[in-house]
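Here's my sequence, what's the structure:
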Amino acid sequence: MAHYFPSFETLGLADQMLNEIADRVEGYQGRIGVKWYWRLPGGVLVTFWLDYTTTEQRWDILRAQATTPNVGAFNAADFPFAAYGTLLTSPPFIHQLEGEAEWSNRLYFQMGYLIEDATLWMDMLRAAVLNPNIRPPATIPDISTLERDMVRYAMTELDGSFRLKDVHGAFKDRISRRRLSKLAQEWETMGLLTDESPRRVTIALRTLAEVE
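Presented below is the predicted three-dimensional model:
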């Protein structure tokens, strides 16, 4: 079957989802043509693109591929719109008719869940690269015993939040507030902490903390 590319309207609809994912995952490179790209720590290149499963008029699945031998089983992921619908008899999809695109059954589409799953998948990619059996890439340094202790504290006592006030209160005899603030900013820049408020520990940072 010949390959059909989505219209500008369909790309616009998909852009909404991928831009929200970009707000949560560092390393977004933008869209080139009909594909969206991320460059993650450890040299992982991630590509997203739209695909269809029924007819040329239905672009109802978001596919993803990660390029690096280190990510193993996590190197590909599919996010079919039907899996995020609440109406089983008529799942949501993007319908193109006469060059224009629109959501069908969009009210039943849990787009937020798809975005969360895609974000989690890329967190898992970063964690796979930092697996103890794989030498951590040079772009992500090893962390000290103190830093491991702080991450573990955040996970066990703060439910994964890395609130500076609370972390410093527990470790003020081992690290200054200024140094802790700088460290948190460095980790956020590397994608090891989220950029939300309060920051949260990512799967990648949790993996680093488990490496002795």
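
Could you spell out which stretches of this structure belong to which domain?
Domain ranges of the chain: 8-129, 145-210, per automatic domain parsing.

Off-centre distance for the strand or helix carrying Gln16?
According to DSSP states H and E, Gln16 maps onto helix 8-24. Centroid displacement of helix 8-24 relative to its chain, using C-alpha atoms, centre = their mean, to the nearest Å, is 14 Å.

Please identify the buried residues of it?
For helix 8-24, burial by neighbour count (16 or more other C-beta atoms under 10 Å) applies to 10-11, 13-14, 17-18, 20-22, 24. From N, CA and C alone the C-beta is placed, and that goes for glycine too.

Poorly predicted segments of this protein, please.
The model of the chain has pLDDT under 70 over residues 1-5, 53-58, 69-74, 88-90, 96-101, 128-141, 211-212.

hey, which helix is longest across it?
Assignment by DSSP state H gives helix 111-129 as the longest helix of the chain.

Could I get the CA-only coordinates of that helix as PDB?
Presented in PDB, the C-alpha positions along helix 111-129 are these (Å, rounded to 0.1, in the frame of the first residue of the first chain):
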ATOM      1  CA  MET A 111      -5.200  12.700  25.700                       C
ATOM      2  CA  GLY A 112      -3.600  13.400  29.100                       C
ATOM      3  CA  TYR A 113      -3.100   9.700  29.700                       C
ATOM      4  CA  LEU A 114      -1.400   9.200  26.300                       C
ATOM      5  CA  ILE A 115       1.000  12.200  27.100                       C
ATOM      6  CA  GLU A 116       1.800  10.700  30.600                       C
ATOM      7  CA  ASP A 117       2.500   7.300  29.000                       C
ATOM      8  CA  ALA A 118       4.800   8.800  26.400                       C
ATOM      9  CA  THR A 119       6.600  10.800  29.000                       C
ATOM     10  CA  LEU A 120       7.000   7.700  31.200                       C
ATOM     11  CA  TRP A 121       8.400   5.700  28.200                       C
ATOM     12  CA  MET A 122      11.100   8.300  27.600                       C
ATOM     13  CA  ASP A 123      11.900   8.300  31.300                       C
ATOM     14  CA  MET A 124      12.300   4.500  31.000                       C
ATOM     15  CA  LEU A 125      14.700   5.000  28.100                       C
ATOM     16  CA  ARG A 126      16.900   7.200  30.200                       C
ATOM     17  CA  ALA A 127      16.800   4.700  33.000                       C
ATOM     18  CA  ALA A 128      17.800   1.900  30.600                       C
ATOM     19  CA  VAL A 129      20.800   3.800  29.500                       C
END
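
elements contacting the next helix or strand after it?
Following helix 111-129 in sequence order, the next helix or strand is helix 145-157 (DSSP H and E). Other elements packing on helix 145-157 under the criterion 3 or more C-beta pairs under 8 Å, 6 or more residues apart in numbering; DSSP states H and E are helix 164-171, helix 203-210.
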